[in-house]
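# have a look at this prediction, sequence included:
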Amino acid sequence: QVQLVESGGGLVQAGGSLRLSCAASGRTISSYAMGWFRQTPGKEREFVAAVKRSGGSTYYADSVKGRFTISRDNAKNTVYLQMNSLKPEDSAVYYCAANSYYDSAYYYSDSRYSYWGQGTQVTVSS
């Protein structure tokens, strides 16, 4: 079992930055690929970014590529999402999740993730 707790969300103006953290407990995250998803009311959960176990490879949704950076510190059992140049359409609840698959093709679907945090709200004002 892995317990995940997100933090770092909040209200920011368009063009600003936020850094989300996801702290894990129960098991080391080095056993998992880690991902970030986001969801707005009435919409399906959307893939944002993922990182392989070692942190050597990262994957991004086209909508955030070049603005967001996912990283991990396995020693601290924590995953991060640095969000720059934020836009109002980035407003959502952001979730981190753990994925036991090795094939990166499985990183884009929320159904492939085994463990989820409770989410943190990000609101970007125009």
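Everything's here; your move. Numbers count the residues shown, from 1 in each chain.
# all contacts plus neighbour counts: C-alpha atoms, from now on.
Fine.
# grab the most central residue of this protein for me.
residue 36 (2.0 Å; C-alpha atoms, centre = their mean).
# okay, that residue and residue 92: tell me how far apart.
Counting by C-alpha to C-alpha, to the nearest Å, the separation of residue 36 from residue 92 is 12 Å.
# likewise for residue 98?
19 Å.
# and residue 47, by the same measure?
On the measure of C-alpha to C-alpha, residue 47 and residue 92 end up 12 Å apart.
# shared neighbours, those two?
Shared contacts of residue 47 and residue 92, defined by C-alpha atoms under 8 Å, 6 or more residues apart in numbering, are found at residue 38.
# rewinding a little: between residue 98 and residue 92, who's got more neighbours?
residue 98 (25 against 21; other C-alpha atoms under 10 Å).
# with adjacent residues omitted, what lies nearest to residue 8?
residue 20 (4.5 Å; C-alpha to C-alpha, 6 or more residues apart in numbering).
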